[in-house]
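Asks: model this:
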Amino acid sequence: MQLILYQGDTGPREHFSFFIIPHDDDGLENLDELYLFHDRDQLRWQIKSNEWISYTREGRNWIGTRSITVREGGLPRGVYRAVLINKGGESTERNFTFDGNVRYPFPEIHITDGVYTVISEWPVNRLLCYDSQGNYSATVELRSLSGTVSSLRLASSVRTVALWAEDPANFCSAFTNVVSVR
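Replies: Residues are numbered from 1 along each chain as shown. This next block holds a predicted model:
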């Protein structure tokens, strides 16, 4: 689990990113549904196999979603239960605790007259770059929280950037709205 804060009109909106390393003797294609429960607050999220994101990292397959939300307020903390069901109806479940403590204020990025300024106490800060169509094009690790845009050596196709601030030790991130680089 990872808590991701997205910039909103009235303050940050919370999303959880939830992924597991599944195992089924018949392969990943035999998996059907993944559920996330927060029993205390009687919440349930269902992720069907045709909806989940899957990827491989360091030889391990992961499945899950980046869009766990609630309609109002913040996401609950505490004990969660993950349940994985295969196409034959067999299930496996595991409980885990997630505190999701945000330790830093929401970051900001400003670009004016070719100069960028990032206001962030987060340990890791990156710029996510987008072209004129809004397509992602690159990620730039920030070595400094201020400087000239030209010093970032962005591709000429980059029109906007968003700040991705991360606290990897505590599984939290913050994502700002995009700002123009020109």
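Asks: so where's this structure uncertain?
Replies: Residues of the chain meeting the criterion pLDDT under 70: none.
Asks: and it, what are its domains?
Replies: 2-98, 108-180 (automatic domain parsing).
Asks: any chance of these in TSV, with mean neighbour count too?
Replies: Any C-beta I mention is one placed from the backbone N, CA and C, and that applies to glycine too. Formatted as TSV, the domains of the chain follow (neighbours: other C-beta atoms under 10 Å):
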stretch	mean neighbour count
domain 2-98	14
domain 108-180	15
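Asks: Output stretch 76-92 as PDB, nothing but the C-alphas.
Replies: The C-alpha coordinates for stretch 76-92 follow below in PDB (Å, rounded to 0.1, in the frame of the first residue of the first chain):
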ATOM      1  CA  PRO A  76      -9.100   4.900   6.900                       C
ATOM      2  CA  ARG A  77      -5.900   3.800   8.500                       C
ATOM      3  CA  GLY A  78      -5.400   0.600  10.400                       C
ATOM      4  CA  VAL A  79      -6.000  -3.100   9.600                       C
ATOM      5  CA  TYR A  80      -6.800  -4.100   6.100                       C
ATOM      6  CA  ARG A  81      -7.600  -7.500   4.600                       C
ATOM      7  CA  ALA A  82      -6.600  -8.500   1.000                       C
ATOM      8  CA  VAL A  83      -8.500 -11.400  -0.600                       C
ATOM      9  CA  LEU A  84      -7.400 -12.900  -3.900                       C
ATOM     10  CA  ILE A  85      -9.900 -15.300  -5.700                       C
ATOM     11  CA  ASN A  86      -9.100 -17.500  -8.700                       C
ATOM     12  CA  LYS A  87     -11.500 -18.500 -11.500                       C
ATOM     13  CA  GLY A  88     -12.300 -21.700  -9.600                       C
ATOM     14  CA  GLY A  89     -13.500 -19.800  -6.600                       C
ATOM     15  CA  GLU A  90     -10.500 -20.600  -4.300                       C
ATOM     16  CA  SER A  91      -9.400 -17.700  -2.200                       C
ATOM     17  CA  THR A  92      -6.400 -16.600  -0.200                       C
END
